[in-house]
Every structure is written in structure tokens, then in C-alpha cells.
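1. Here's a sequence, model it:
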Amino acid sequence: MEMLYELELDGENEKLVATGELLDVGDAVMLDNEVWLVLREAERAAIRGHARYLCRRALQLRVEAEELVAHAKALQLKFTEAREVRSA
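-> This is a model prediction of the structure:
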């Protein structure tokens, strides 16, 4: 079952994401070619999702994205994979 979360980056970039795992503070979220770190719960309540989190972009993967993801998985780093939900 997928859960919806609202992720906010630098107070300006907001995304509604769906993931099959519960998200919490300290998690690393793989979103397309970016890794977002969940820093803390937002003061503003979530409207469309289960929770609203303030995040920081940790890494923006470009050309070597597939290699880096494979290497991270080989090292058993834990990423929660999410997909962006487009609002209608």
C-alpha cells in the first residue's frame, strides 16, 4: 500500500510523493535522479499527504546515476524509493 507524503525543499520546492514504505526523519528518499534527506517534520500540517517533511537535497544524480545507485545498493545503503505524484 502506497503512502503519500509532502516534501518541502528550501521552503520553495514542494513535491507530493508516493512510497510503499513509511517515511520518517533521517530517511534518504530516492526521487527520480535526486536523493532528498528528511530533516524534520514541517510546522505546516500536511493537506494531501500522511505527513509533511522539510528536506535537503543531498545528491543530484546525472550521467552516472545508474552506476551510483547500483554501488549504493551493493554497499547496502538504505534508500526509500518514491515517485512524484502529479496533482490534477
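2. ranges for the helices of this protein?
-> Secondary structure of the chain (DSSP state H): helices at 65-74.
3. Which helix or strand in it has the lowest average pLDDT?
-> helix 65-74 (a mean of 74; mean pLDDT, DSSP states H and E).
4. Need the residues that contact it.
-> For helix 65-74, contacts defined as C-beta atoms under 8 Å, 6 or more residues apart in numbering pick out 30, 33, 59, 61, 79. To be clear about C-beta, it is placed using only N, CA and C from the backbone, and glycine gets the same treatment.
5. per-residue pLDDT, the residue lying closest to Leu16 once chain neighbours are set aside?
-> Spatial nearest neighbour of Leu16, chain neighbours left out: Val85 (4.5 Å); criterion: C-beta to C-beta, 6 or more residues apart in numbering. For Val85, the pLDDT comes out at 89.
6. My understanding was that Val85 contacts Glu14; is that so?
-> No: in this structure Val85 lies outside contact range of Glu14 using C-beta atoms under 8 Å: 11.6 Å.
7. Those two: which has the busier surroundings?
-> Val85 (16 against 13; other C-beta atoms under 10 Å).
8. contacting residues around the more buried one?
-> 4, 16-18.
9. most surrounded residue in the residues you listed?
-> Neighbour counts for the contacts of Val85, by other C-beta under 10 Å, peak at Val17, which reaches 22 neighbours.
10. ok so, going back, show me which of the contacts of helix 65-74 has the smallest pLDDT value.
-> Out of the contacts of helix 65-74, that is Leu61, at 70.
11. Count the neighbours of that one for me.
-> Burial of Leu61 is recorded as 16 neighbouring residues (other C-beta under 10 Å).
12. contacting residues around the residue nearest to Glu81 when sequence neighbours are not counted?
-> In this structure, Glu81 finds its nearest non-sequential neighbour in Met30, 4.9 Å apart by C-beta to C-beta, 6+ apart. Residues near Met30 by C-beta under 8 Å, 6+ apart: 69, 79-82.
13. Output those residues in CSV; the columns should cover neighbour count and distance to Gly49.
-> Output for those, formatted as CSV (neighbours: other C-beta atoms under 10 Å; distance: C-beta to C-beta, whole Å):
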residue, neighbour count, distance to Gly49
Val69, 17, 25
Phe79, 16, 19
Thr80, 19, 14
Glu81, 13, 16
Ala82, 25, 11
